[in-house]
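Enquirer: sharing a model that was predicted from the sequence below.
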Amino acid sequence: MKNNYLFQLVGVSLCFVYLHACTNSNALVKEKATEKAGQNSISFKVNGQLVKTSGWNISRFKTGESLHINITSNMHEDKRTVAFNLQGCQPGNYTLEEARGEGTAYGSYKPDYTNFSEAYIFKHGEIHISSLDTVHGILNASFHGIAEYGARSIVITDGLIQDGKIAPGITNY
């Protein structure tokens, strides 16, 4: 009788362990599916043509006492890339021009990331960080602007960063 009770207790315990593992496994599958469904996405239009990619590098860095943000789209998903350095590290508007202090940013657009000689430099525009969660590592923003390469210019519109994944930590330069 004692052995029967022990086997039942072990059996019930194993059932609970199995059910707990299945529940966690299902949550993990749902989390992975959600992650693929739109997190860390970057999209924008180049002269009206849509580019959909992800964040290759979204990170915070420090120069002197100032915190900054770097955002680069994924050149491995689409060779048309944008890259920005923001002079600041908080929600708000950052004017795209030659960086001249807090609240400004500079950036580039490359029609082919592997062609280092052809980089359009943003002369006008804006990046708006709507939310920045450094605890969970999430950034949401929008952007637009005009970039120039010699006498040629392109217009970037409808730029959107959705649940951009911020790299952990702060890089010191």
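Expert: Arrived safely. Residues are numbered from 1 along each chain as shown.

Enquirer: C-alpha only now, for contacts and for neighbours.
Expert: Fine.

Enquirer: poorly predicted segments of this structure, please.
Expert: Where the chain drops to pLDDT under 70, the residues are 1-38, 99.

Enquirer: how does it divide into domains?
Expert: Domain assignment for the chain by automatic domain parsing gives 1-37, 39-172.

Enquirer: need those in JSON lines with mean neighbour count, can you?
Expert: JSON lines is the format used below for those (neighbours: other Cα atoms under 10 Å):
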{"stretch": "domain 1-37", "mean neighbour count": "11"}
{"stretch": "domain 39-172", "mean neighbour count": "18"}
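
Enquirer: quick one: S43 from N57, how far?
Expert: Using Cα to Cα, to the nearest Å, S43 is found at 15 Å from N57.

Enquirer: so what touches the helix or strand encompassing A147?
Expert: Assigned by DSSP states H and E, A147 belongs to strand 138-149. With contact meaning Cα atoms under 8 Å, 6 or more residues apart in numbering, strand 138-149 is reached by 96, 108-109, 118-133, 153-166.

Enquirer: partner strands of that strand, with direction?
Expert: Strand 138-149 has its sheet partners listed here by DSSP bridges as strand 120-133 (antiparallel), strand 152-165 (antiparallel).

Enquirer: save those strands as JSON lines, and put in distance to Q87 too.
Expert: Output for the strands paired with strand 138-149, formatted as JSON lines (distance: least, Cα to Cα, whole Å):
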{"stretch": "strand 120-133", "distance to Q87": "11"}
{"stretch": "strand 152-165", "distance to Q87": "18"}
